[in-house]
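S.K.: From the sequence below, what's the structure:
(chains A and B)
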Amino acid sequence: MTAIIDYGVGNLFSLRSSLSFIGEDAAVTCDIGEIKNADRLILPGVGAFADAAEKLRRSGLMELILQEAGSGKPLMGICLGMQLLFDKSFEYGEHSGLGLVPGQVCPISDVIPSGLKVPQIGWNALRFRNGASPIFKYISEGDFVYFVHSYYAAGCDEYIIADTEYGACLTAAVARGNVYGCQFHPEKSGKVGLNILRAFCELK
Amino acid sequence: MITKRIIPCLDVRNGRVVKGVNFEGLSDVNSPVELARYYSDNGADELVFYDITASAEGRALFTDILKAVASTIFIPLTVGGGINTLEDFDRVLKCGADKVSVNSGAIRNPALIGEAAKRYGDQCVVISADVKRVDGVFTIYAKGGRENTGMEAIEWIRRCVGDGAGEVVLNSIDTDGVKGGFDLEMLQAVCDAVSVPVIASGGAGCAEDFVTLFKTLPKVDAGLAASIFHFGEVRIDELKRLLRINGINVRL
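M.R.: Residues are numbered from 1 along each chain as shown, chains lettered A, B, ... in the order given. Sure, this is the predicted structure:
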């Protein structure tokens, strides 16, 4: 069973539907027992980093996620959920994240040419980095996924498993041991996204 | 590099897809779920659903349809039509919409966009503008293109984006249903005024119209159309191959 961690951030309808579509037993939950019993965890999220980090901290879920990830349980952060995996974010100030992946979250406007629009909204291609990640075993380099983001993960070169070109190379996905993160939305990336989720759900 | 998006638009009334020509003379086309799946399988980058139902029964039917679509099709879904309050945002987002498109609701209640952007994020709020030239002035129309608001369009769109709208759908009433190509002049004016993605709507009659659109106006992010897709006059996969041959980056 995969637990989609519900901490009051974002719309989880599509994520739950996409897991059920690929035949994965999924629960949207903030229940400690259910999260502990789950085979793997997904940390979703849209909105502002500081608000989301605060909600995780206040609810006690941050501690729980750190414990579970520390015990080797597969964890995937999606979009803001991926950004939360990092040490800190510079979105409206400086805020601490989970610290599961070394690096920091910075505005994409720092690195892209001024003519490009922020947020990056739309489909962009994946370029694999640092070898073949198990979550990409059913997809190919160059496949397109759907992005909506104004911030990106920096200073995490050795953990990048895919990047994407938007005037600069932006981190698209990271992995460190059993912890994975996708800046894009696999639940909105058609068959390619479903295949990434399928591969993640096969991780033990 | 990010790709240009091709977006079929499905007008839904009482659970069925309809398409009007110049907003009049609606004709039944197909089932929303079947059409959505067909489009998703054939390369659509996103889908837009407009609920053109007036009744509460029709609205409930629409959210059922939306849930059915969002449970089986995993590409971005934008929903519009009858969005007047934050509760309306909530209702469609809970049924699987990713973005919500506001038109007359923002004209009636100018605070709506700001409030929605604050609660759901800019990326969730789309301003859909129906624009027609009146004595040479781009003018905003409300109520599905039937009511002249007297408001100058570019300033209105700029204000909506300033309030937090994260995308603009520009529908030219002058070219809608005419199938003579997109309204390049109007689109240029909007692209010059805002820095968020602009989606061109109204006027596509053939695949070449999309080539002209993206070649003439590189700042346009997406092209939206309905009947040419619904009636099979243009196939999205073929359209995208044509765009790629013409040097336009698309997802194939």
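S.K.: what does chain A put close to chain B?
M.R.: Within chain A, the residues that sit near chain B (Cβ under 8 Å from any Cβ of the partner chain) are A:11, A:13-14, A:17-18, A:20-21, A:46-47, A:117-125, A:144, A:146-148, A:165-166, A:187-190, A:193-194. C-beta here means a position set from N, CA and C on the backbone, and glycine is covered the same way.
S.K.: which regions of chain A lie under the pLDDT threshold?
M.R.: Filtered on pLDDT under 70, chain A yields no residues whatsoever.
S.K.: Then the stretch 101-250 of chain B?
M.R.: Using pLDDT under 70, the stretch 101-250 of chain B has no residue that qualifies.
S.K.: what's the burial count for the residue lying closest to B:K94 once chain neighbours are set aside?
M.R.: Spatially, and ignoring its direct neighbours in sequence, B:K94 is nearest to A:F13 (6.5 Å; Cβ to Cβ, 6 or more residues apart in numbering or on different chains). Neighbour count for A:F13, taken as other Cβ atoms under 10 Å in any protein chain shown: 20.
S.K.: which ones are touching A:F13?
M.R.: B:K67, B:A70, B:L93, B:K94, B:C95, B:G96 (Cβ atoms under 8 Å, 6 or more residues apart in numbering or on different chains).
S.K.: Any idea how far apart the tips of stretch B:169-180 sit?
M.R.: 19 Å (Cα to Cα, to the nearest Å).
S.K.: can you check stretch A:55-72 too?
M.R.: Stretch A:55-72: ends 24 Å apart by Cα to Cα.
S.K.: Helix or strand: which one has the residue nearest to the spatial centre of chain B?
M.R.: Nearest residue to the geometric centre of chain B (Cα atoms, centre = their mean): B:V169, 5.2 Å. Taking DSSP states H and E as the criterion, B:V169 maps to strand B:167-172.
S.K.: A:I108 is in contact with A:S114, isn't it?
M.R.: No: at 11.7 Å, A:I108 does not count as touching A:S114 under the criterion of Cβ atoms under 8 Å.
S.K.: Show the contacting residues for A:G193.
M.R.: With Cβ under 8 Å, 6+ apart, A:G193 has these contacts: A:S18, A:V145, A:Y146, A:F184, A:H185, A:P186, A:E187, B:F74.
S.K.: Relative to A:E24, how far out is the second one?
M.R.: Using Cβ to Cβ, to the nearest Å, we find A:V145 at a distance of 19 Å from A:E24.
S.K.: what about those two, which has more around it?
M.R.: A:V145 (25 against 18).
S.K.: Confirm that one sits in a helix?
M.R.: No: read with DSSP: H, G, I helix; E, B strand; the rest coil, A:V145 is strand and lies in no helix.
S.K.: Helix, strand, or coil at A:M82?
M.R.: Under three-state DSSP, A:M82 comes out as helix.
S.K.: Next: the one 10 residues further on.
M.R.: Here A:Y92 is coil, with the state taken from three-state DSSP.
S.K.: Near it, how many residues? Count them for me, please.
M.R.: For A:Y92, the tally of surrounding residues (other Cβ under 10 Å) stands at 10.
S.K.: A:A50 is in contact with that one, correct?
M.R.: Yes: under the criterion of Cβ under 8 Å, A:Y92 makes contact with A:A50 at 6.4 Å.
S.K.: Tell me where the longest helix sits in chain B.
M.R.: helix B:56-72 (DSSP state H).
S.K.: buried set for it?
M.R.: For helix B:56-72, the neighbour count (16 or more other Cβ atoms under 10 Å in any protein chain shown) marks B:G58, B:R59, B:L61, B:F62, B:T63, B:I65, B:L66, B:A68, B:V69, B:A70, B:S71 as buried.
S.K.: same thing with stretch A:162-173?
M.R.: Buried, per 16+ other Cβ under 10 Å, within stretch A:162-173: A:A162, A:D163, A:T164, A:Y166, A:G167, A:L170, A:T171, A:A172, A:A173.
S.K.: Next up, the contacts around the nearest residue to the fifth one once chain neighbours are set aside.
M.R.: If you skip the residues right next to it in sequence, A:G167 has A:I112 as its closest partner in space, 3.7 Å away by Cβ to Cβ, 6+ apart. Neighbouring residues of A:I112 by Cβ under 8 Å, 6+ apart: A:V118, A:Y166, A:G167, A:A168, A:L170.
S.K.: What strand or helix carries A:I112?
M.R.: Applying DSSP H and E, one finds A:I112 in no helix or strand.
S.K.: Closest one of the buried residues of stretch A:162-173 to chain B?
M.R.: A:Y166 (5.8 Å; Cβ to the nearest Cβ).
S.K.: how about the closest one, phi and psi?
M.R.: phi -140, psi 70 (degrees, to the nearest 10).
S.K.: Once you drop chain neighbours, what's closest to it?
M.R.: That would be A:Q120: by Cβ to Cβ, 6+ apart, it lies 5.0 Å from A:Y166.
S.K.: tally of neighbours for the one you found?
M.R.: 22.
S.K.: do the same with A:L75
M.R.: 27.
S.K.: Please tell me how far A:H95 sits from A:T171.
M.R.: From A:H95 to A:T171 the distance is 18 Å (Cβ to Cβ).
S.K.: err, A:R57, not the other one
M.R.: The value you get for A:R57 to A:T171, if Cβ to Cβ is used, is 24 Å.
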